[in-house]
Structure formats: structure tokens, C-alpha cells
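sequence first, then the predicted structure:
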Amino acid sequence: MLVSAKEMLNKARAGKYAVGQFNINNLEWTKAILLTAQENHSPVILGVSEGAGKYMCGFPTVAAMVKAMIETLGITVPVALHLDHGTYEGAFKAMDAGFSSVMFDGSHYGIEENIEKTKEVIAEAAKRGISVEAEVGAIGGEEDGVIGGGEVADPDECAMIAGLGVDMLAAGIGNIHGVYPANWKGLNFEVLGQISQKVGDTMPLVLHGGTGIPEEMVKKAISLGVSKVNVNTECQLSFAAATRKYIEEGKDQQGKGFDPRKLLAPGFEAIKATVKEKMELFGSIDKA
Ligand code: 13P
């Protein structure tokens, strides 16, 4: 069932668990994530970055694929199709294409421009029952050209953006995309606590960069108001490792092992296992 992310995230915020956003890259990814959500009675958010959207032949192709797959596979758990780190133009294009949720990432604009553009996206989304995620401006984090600590948001700016009527708010607390460097300092729970206090205890917060954050930190972040955790790289790593193993064992050269339906099967199963593991950690199993 394709729905906006609003209700599933409000429920998660109230129930102190988080819904996973798993980014999709192709048909196998989408099918693996949808089936895992259904098997585990978990709500789920399919994330699509602008780059992945282009790779999959544009937002209309993605929306058509997801809608058809939900129907064909008999997916009854709540599924949101969400634009990840959308530009202002991208957010409108995704809404036109049939996405049920969009992130407008105005964090690289000054706070005034971020507010103005976020307001425009919210106004359009409200007309169509689409949920909106906004991101708040970053403060520092760079040393010798290496981003070690990740970005840390200003709690007052978070309150300003949250007050515009967004459905979920991404605020940097030292989290970064991809694999964390060895010298990473961890999540900044002090700032997360301040943000949570300023935006109120009903606003779902979003933790980007879910790959590689130690489990205890993820649980603590959820206890402080994180209701959506984004995971992308970890599924890619699982898929790549399983595919590598299959090829290194020479299985692509046995019988019809080169058939893509066989070649991609171990990676597909690996994505399912990673998604299930994350759903268990986030506490979203049996919450559909
Ligand atoms: P990772 O690739 O680090 O899991 O981050 C995903 C993400 O935050 C997508 O917005």
C-alpha cells in the first residue's frame, strides 16, 4: 500500500521505534526491500536519490515500477516512496511523478532561503497529501580537508524549520553518508537532545548515514526522537560481497549460472538479510 510517510512516522515517534528508509537502485533492490517489509509486517520507506532516479530512467519510471510491484507482490504493509536529498526542482518533479513523500534538502542555502523554499514545497505537498522531510543547515566538521565529525545542526534553526509544518526533520548530529572513518567521534547526543527539546516530542527526527553506526548509538538516537533511519551503503556492501563470493566460487560458470536471475540471486538474498537485521534493530517489525 503506497502511502505518505506521515502516519507511519508519527506512530513510530509515539511508539519509540524507527522506520527504515532503504535506498533503491534497481528492480532487485526494490523487490528485496518490499518483500522483507511484508514478511516482517513492517512499514518501510523506499528512498530514491536524484542520481538513482536518473539511473532508473527518471521518477515516472520509478513510481510506475514501485506501484506495479506493490500490486503484483500483494504488499499490504505501508510503503512510502520518498525522494532522498531532493533539489527544489526535483521535489516538484517527484511529486508530479507520483512519489508519496519528498525530502527537500535546502541545507546548502542560507537559513532564510531554506525556509522560503521549504515552505513552497510544503504548500504543494499539502495539496496532494505528500509528506515532506526538510534538512537543516550544517555547522563545520571539516579538518584538513577530511570531514571527521560530520555536520552538527543548530537546534534553533531546527525549531524554525520544524515550525513550518514539515512531517520529519533531518538534523546533522555528527552522522555522515557512507562508511565512517576510523577517527569518527560518534553521534552528538547532547545536540540531539537539544534539538528534540526545541522541536517538541511529536516531531519525527531523521538519522541519515545509517550504515555503520554502532547498534547502541542507533538505539539511543531512537530513544531521543529519531523515528526514521536511512540506510543505503550497507545494502550495497552486502549485495557486492554476496555477488563477489558467487563469482569467486566460479558459480557463474557452472551450468547456466551466468543467467542474471541466478547471478543476482545471492545479492538479492543478502539485501533481504540486511534489511531484516535493520528492521529488528529499529524496532519496526510487526508495526505495520
Ligand atoms: P548510508 O549510505 O551511510 O547508509 O546513508 C544513507 C542515507 O543517509 C541516505 O540519505
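Arrived safely, thanks for sending.

for the stretch 1-150 of the chain, just list every one of the helices.
In the stretch 1-150 of the chain, the helices defined using DSSP state H, counting those that start in this stretch lie at 6-15, 27-39, 50-55, 59-72, 88-97, 111-128.

distance to the ligand added to these, as a markdown table?
All C-beta atoms are positioned from the backbone trio N, CA, C, and that covers glycine. Output for those, formatted as a markdown table (distance: least, C-beta to the nearest ligand atom, whole Å):
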| stretch | distance to the ligand |
| --- | --- |
| helix 6-15 | 15 |
| helix 27-39 | 13 |
| helix 50-55 | 10 |
| helix 59-72 | 16 |
| helix 88-97 | 14 |
| helix 111-128 | 17 |
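
how about those helices, which one is nearest Gly193?
helix 6-15 (15.4 Å; C-beta to C-beta).

what is the closest one packed up against?
With contacts defined as 3 or more C-beta pairs under 8 Å, 6 or more residues apart in numbering; DSSP states H and E, helix 6-15 has these neighbours: strand 19-23, strand 226-231.

go through the helices of the stretch 1-150 of the chain and name the closest to Lys198.
Lys198 lies closest to helix 111-128 among these, at 14.3 Å (C-beta to C-beta).

who's in contact with that closest one?
Identification of contacts with helix 111-128 by C-beta atoms under 8 Å, 6 or more residues apart in numbering yields 88, 91-92, 95, 102, 104, 106-107, 109, 131-132, 134, 136-137, 157, 160-161, 164-166.

buried among these? Need that as a selection in PyMOL.
Here is the PyMOL selection string for the buried members of those, based on 16 or more other C-beta atoms under 10 Å:
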select buried, resi 88+91+92+95+102+104+106+107+131+132+134+136+137+157+160+161+164+166
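
can you count the residues close to Cys235?
For Cys235, the neighbour count with other C-beta atoms under 10 Å is 25.

got the phi and psi for Gly110?
phi -70, psi 160 (degrees, to the nearest 10).

list the buried residues for stretch 252-269?
Asp252, Leu263, Leu264, Ala265, Pro266, Gly267, Phe268.

separation between the residue nearest to Met217 when sequence neighbours are not counted and Val77?
Nearest in space to Met217, with sequence neighbours left out and distances taken as C-beta to C-beta, 6 or more residues apart in numbering, is Leu187 at 5.1 Å. Per C-beta to C-beta, to the nearest Å, Leu187 is found 28 Å from Val77.

neighbour-wise, which of those two wins?
With other C-beta under 10 Å as the criterion, Leu187 and Val77 differ in neighbour count, and Leu187 comes out ahead with 24 against 20.

tell me the secondary structure at the more buried one.
The three-state label for Leu187, taken from DSSP: H, G, I helix; E, B strand; the rest coil, comes out as coil.

from memory it sits against Glu216, does it?
No - if you go by C-beta atoms under 8 Å, Leu187 and Glu216 don't touch, sitting 10.3 Å apart.

quick one: mean pLDDT over stretch 52-72.
Taken as a whole, stretch 52-72 has an average pLDDT of 98.

quick one: buried residues of that stretch?
Ala52, Gly53, Met56, Phe59, Val62, Ala63, Met65, Val66, Met69, Ile70.

excluding chain neighbours, what is closest to the first one?
Of all residues not flanking Ala52 in the chain, Asn25 sits nearest, at 5.5 Å (C-beta to C-beta, 6+ apart).

mind listing what the one you found touches?
Contacts of Asn25 by C-beta under 8 Å, 6+ apart are Ala52, Tyr55, Met56, Gln236.

which parts of the stretch 151-288 of the chain are strands?
Per DSSP state E, counting those that start in this stretch, the stretch 151-288 of the chain carries strands over the ranges 152-153, 168-170, 205-207, 226-231.

packing partners for the second one?
It stands for strand 168-170. Against strand 168-170 (3+ C-beta pairs under 8 Å, 6+ apart) you get strand 131-135, helix 155-162, strand 205-207.

does any bit of it sit next to the ligand?
No - for strand 168-170, no contact with the ligand is found by C-beta under 6 Å from any ligand atom; the gap never falls below 8.1 Å.

what residues does that strand touch?
Taking C-beta under 8 Å, 6+ apart as the rule, strand 168-170 contacts 5, 9, 103, 105, 131-136, 158, 161-162, 199, 203-208, 227-228.

rerun at 10 Å
For strand 168-170, contacts defined as C-beta atoms under 10 Å, 6 or more residues apart in numbering pick out 5-6, 9-10, 12-13, 19, 21, 45, 82, 84-85, 101, 103, 105, 107, 131-136, 153, 158-159, 161-162, 195, 199, 203-208, 225, 227-228, 230.
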